[in-house]
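Fold the following and give me the result.
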Amino acid sequence: MRRYLALLVSMLIATVAQASDSSASATSKPIKPAAKESRDKEEGGSSDKKDSKKSAKESKETKESKETLQPDELAAKIAEKLAVIRKDKEDAARAAPRPVVRPAYAPQVRRTETAKPKEAEHGSAAVVAAMGGHGAVHWSYQGETGPQNWGKMNPANAKCDSGDRQSPIDIRDGIKVDLEPIMFDYKLSGFNVIDNGHTIQVNPAAGNYITVMGKSYELAQFHFHKPSEERVNGKSFEMVVHLVHKDIDGRLAVIAILLERGKAHSVIQQVWNNLPLEKNEAMTALTALDLNLLLPVKREYYTYMGSLTTPPCSEGVLWMVMKEPVEISHEQLAIFSRLYPMNARPIQKTSGRLIKESN
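A predicted model of the protein is given here:
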């Protein structure tokens with residue numbers, strides 16, 4: 001803009017100077033004397049032609065001089081031109097693309113969604129119960145909160161009354177077949193012990209598995225019942241250990257090890273050594289547990305489809321009851337009896353279920 005202004009000012013000065021020179025030239029032009037005019041007339045036609053051309057030239061110069069703008073008019077023209085230039089520049093500025101002002105980048109906050117529990121029978125309720133969570137509604141093994149009322153105490157426990165694949169059962173009339181062996185992959189593991197108000201429960205460290213029928217299940221916990229919940233051909237046992245496993249889809253597989261009176265058991269004694277002083281407060285053991293020592297020497301078993309034996313009594317649980325019992329001492333039985341004299345669910349109807357057993 002300054003360059004345009006300087007250029008126009010220079011033009012203004014030059015034009016004003018030219019106009020002044022033209023006016024002075026016109027004013028100071030000498031007037032021909034009369035004598036010279038007489039001589040020119042006497043010179044004939046050629047002189048007249050020269051004078052005529054000269055006169056025409058002077059007339060043209062005079063006309064041009066008259067057409068030369070006065071300083072005021074020139075200044076007005078320059079001002080008008082400047083206004084036009086200024087307007088053109090403003091129009092160009094408005095027409096130019098404006099820079100896009102973008103908001104400061106803020107990373108999108110992803111909302112963490114809680115995974116919904118599966119609706120299948122073997123889903124969340126079964127897993128919670130298997131892991132020792134028994135819900136807010138108190139239940140027991142006797143009286144008004146006993147097994148006969150479990151299904152009425154909470155809608156979530158409906159299967160306790162209406163289910164047709166409930167556990168435990170009296171195992172009899174099994175079909176003898178060549179059952180696939182249970183592959184145990186138990187390791188020396190750390191563990192803790194908790195008295196959850198219904199039983200003594202042991203929570204081993206992760207990494208202990210079984211494989212059966214082409215599926216792998218991880219050991220979640222094991223706990224005790226007195227007397228044994230299962231019966232075999234009508235016979236009951238002193239106690240039973242339930243080892244609860246679950247696969248990647250949350251399906252449960254329970255191995256039951258029957259306990260009968262005899263010599264002391266090293267694994268059970270290790271558990272009793274770490275009994276917590278208060279209910280629902282886990283006691284972490286300082287030693288590791290060899291779960292393989294809990295298993296019977298012979299690995300034949302009975303198998304059937306059943307349920308959890310505690311509320312919510314969810315069905316779809318694979319049961320494997322070891323045929324050979326494991327011994328437990330009188331003293332070890334007495335320790336558990338002081339805590340839980342009886343914590344076994346009554347026998348449930350078989351309802352025509354297929355039971356298989358190893359040859």
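
Can you show me the strands along the stretch 251-359 of the chain?
Using DSSP state E, counting those that start in this stretch, the strands assigned to the stretch 251-359 of the chain run over residues 252-261, 283-284, 289-290, 301-307, 315-322, 326-328, 356-358.

Throw these into JSON lines and include mean pLDDT, thanks.
As requested, those are exported to JSON lines (pLDDT from 0 to 100):
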{"stretch": "strand 252-261", "mean pLDDT": "98"}
{"stretch": "strand 283-284", "mean pLDDT": "98"}
{"stretch": "strand 289-290", "mean pLDDT": "97"}
{"stretch": "strand 301-307", "mean pLDDT": "98"}
{"stretch": "strand 315-322", "mean pLDDT": "98"}
{"stretch": "strand 326-328", "mean pLDDT": "98"}
{"stretch": "strand 356-358", "mean pLDDT": "97"}
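
Go through those strands and name the closest to residue 206.
strand 289-290 (13.2 Å; CB to CB). Where C-beta positions appear, they are placed from N, C-alpha and C, glycine not excepted.

what packs against the closest one?
Packing contacts for strand 289-290, counted by 3 or more CB pairs under 8 Å, 6 or more residues apart in numbering; DSSP states H and E, involve strand 188-189, helix 266-272.

What lies in contact with the first one?
When you say that, I think you mean strand 188-189. 204, 205, 207, 208, 288, 289, 290, 291 (CB atoms under 8 Å, 6 or more residues apart in numbering).

let's go with 6 Å and repeat that
Outside strand 188-189, the residues within contact range by CB atoms under 6 Å, 6 or more residues apart in numbering are 204, 205, 288, 289, 290.

what's the closest of those residues to residue 176?
Looking at the contacts of strand 188-189 and their distance to residue 176, the nearest is residue 290, at 31.8 Å (CB to CB).

Give me the neighbour count for that closest one.
Neighbourhood size, residue 290 [other CB atoms under 10 Å]: 14.

Show the model's pLDDT score for residue 90.
The score at residue 90 is 73. That number is its pLDDT.

if I look at it, how far off is residue 83?
From residue 90 across to residue 83, the span is 11 Å (CB to CB, to the nearest Å).

Over to residue 320?
Where residue 83 is concerned, residue 320 sits at a distance of 101 Å (CB to CB).

for residue 210, same thing?
Residue 210 sits 95 Å away from residue 83 when distances are taken as CB to CB.

Between those two, which has more neighbouring residues?
A direct count of neighbours by other CB under 10 Å for residue 210 and residue 83 places residue 210 higher, at 20 against 10.

need the strands of the stretch 251-359 of the chain in JSON lines with distance to residue 155, can you?
JSON lines is the format used below for the strands of the stretch 251-359 of the chain (distance: least, CB to CB, whole Å):
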{"stretch": "strand 252-261", "distance to residue 155": "21"}
{"stretch": "strand 283-284", "distance to residue 155": "34"}
{"stretch": "strand 289-290", "distance to residue 155": "38"}
{"stretch": "strand 301-307", "distance to residue 155": "17"}
{"stretch": "strand 315-322", "distance to residue 155": "16"}
{"stretch": "strand 326-328", "distance to residue 155": "38"}
{"stretch": "strand 356-358", "distance to residue 155": "34"}
